[in-house]
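**Q** sequence first, predicted coordinates after that:
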Amino acid sequence: MLDILKAAILGIIEGITEFLPISSTGHLYLADEFVKLQEPTAFINMFMVVIQLGAILAVVVLYFNKLNPWAPSKDRLERHQTWTLWFKVILAVLPSVIVGLPLNDWMEAHLTSWQVIATTLIVYGILFIVIETYNRHQTAHFNDLNQLPVTVALFIGVFQILSMVPGTSRSGATILGAILIGTSRFVATEFSFFLAIPTMFGASLLKILKYFLHGNSFTGSQILVLLTGVIVSFVVAYLAIKFLLNYIRHNDFKLFGWYRIVLGAIVILYFGFINH
């Protein structure tokens with residue numbers, strides 16, 4: 001029963017942080033110090049990735065009509081635009097697949113440390129502040145997702161490779177990259193959402209596959225713990241996405257930059273000194 005409560009807490013953290021550009025990995029890494037599941041390490045490592053499925057399902061539900069090329073309400077042009085959007089998303093996923101699959105195990109083994117997470121939190125926090133300060137005087141070249149060139153979509157996918165380093169934030173890397181290339185904040189954010197669907201479905205399925213290939217299985221209680229995390233992350237991510245879309249209509253990303261810097265400092269303080 002206690003693990004179900006802990007799974008719910010971790011689901012809340014995942015739901016809030018997955019699409020806000022503040023690094024779900026950094027938050028979950030810190031939360032694991034205080035909210036430890038009483039399960040084998042292999043299950044916990046798998047759980048921390050697979051609860052992302054709930055957050056992804058929130059995107060699918062919120063944007064179901066926009067992402068559905070067979071929606072009865074769409075005319076021929078709108079169906080074409082939907083298929084084109086999916087083509088751009090799949091194309092943008094390829095760089096992280098090509099680079100990520102061969103390096104996945106190495107990255108997990110060598111870069112999942114508080115030093116790396118704290119550094120990326122702070123560095124990207126600074127980048128958000130610097131880029132948004134620069135961007136304040138710039139005019140976005142791409143304000144419509146349907147007009148986003150295929151080459152720009154591919155470049156945004158290249159930026160997603162950076163998120164393989166823990167603490168970077170997948171949404172943070174893609175949003176920053178998109179803004180640098182010249183998209184509006186809204187287009188950058190929405191494309192980041194859509195890019196997450198195949199990326200994180202793939203990452204979750206890969207994690208589950210590896211879990212079973214290493215001879216592991218689920219007990220009844222573990223299934224309940226995993227489902228709790230996924231369902232809670234879905235509900236919370238749904239609300240977080242709606243908040244972020246409303247927030248960026250009137251604000252920039254500087255607040256998230258400052259938040260990342262503060263969190264990075266907390267990680268250094270806790271792991272470097274308090275829990276030394």
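**A** Received it, and whenever you're ready, just let me know what you need. For clarity, every value in this text was computed on a predicted model and none was experimentally measured.

**Q** going forward, measure contacts and count neighbours with C-alpha atoms only.
**A** Will do.

**Q** which helix or strand in the chain has the lowest average pLDDT?
**A** helix 24-31 (a mean of 86; mean pLDDT, DSSP states H and E).

**Q** which strands and helices sit next to that helix?
**A** Helices and strands touching helix 24-31, by 3 or more Cα pairs under 8 Å, 6 or more residues apart in numbering; DSSP states H and E, are helix 2-17, helix 114-135.

**Q** of those helices, which is nearest residue 253?
**A** For the helices and strands packed on helix 24-31, the distance to residue 253 is smallest for helix 114-135, at 6.5 Å, taking Cα to Cα.

**Q** next helix or strand past that closest one?
**A** Counting by DSSP states H and E, the next helix or strand C-terminal to helix 114-135 is helix 150-160.

**Q** output that following helix as CSV - backbone C-alpha positions only.
**A** Extracted in CSV, the C-alpha atoms of helix 150-160 (Å, rounded to 0.1, in the frame of the first residue of the first chain):
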residue,chain,number,x,y,z
VAL,A,150,10.8,19.7,-43.1
THR,A,151,14.4,20.8,-42.7
VAL,A,152,13.6,22.8,-39.6
ALA,A,153,11.7,19.8,-38.1
LEU,A,154,14.8,17.7,-38.7
PHE,A,155,17.1,20.3,-37.0
ILE,A,156,14.7,20.3,-34.0
GLY,A,157,15.1,16.5,-33.9
VAL,A,158,18.9,17.0,-33.8
PHE,A,159,18.5,19.2,-30.8
GLN,A,160,16.6,16.4,-29.1
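
**Q** what's the mean pLDDT across the helix or strand just after it?
**A** For helix 150-160, the following helix or strand on the C-terminal side (DSSP H and E) is helix 170-181. For helix 170-181, the mean per-residue pLDDT is 93.

**Q** please apply the same query to stretch 14-21.
**A** Here the average pLDDT along stretch 14-21 is 94.

**Q** how far is that stretch from where the chain is centred?
**A** 7 Å (Cα atoms, centre = their mean, to the nearest Å).

**Q** phi and psi next, for residue 63.
**A** Phi and psi for residue 63, reported as degrees, to the nearest 10, are phi -110, psi 20.

**Q** separation between it and residue 153?
**A** Note on residue 63: its distance to residue 153, by Cα to Cα, to the nearest Å, is 19 Å.
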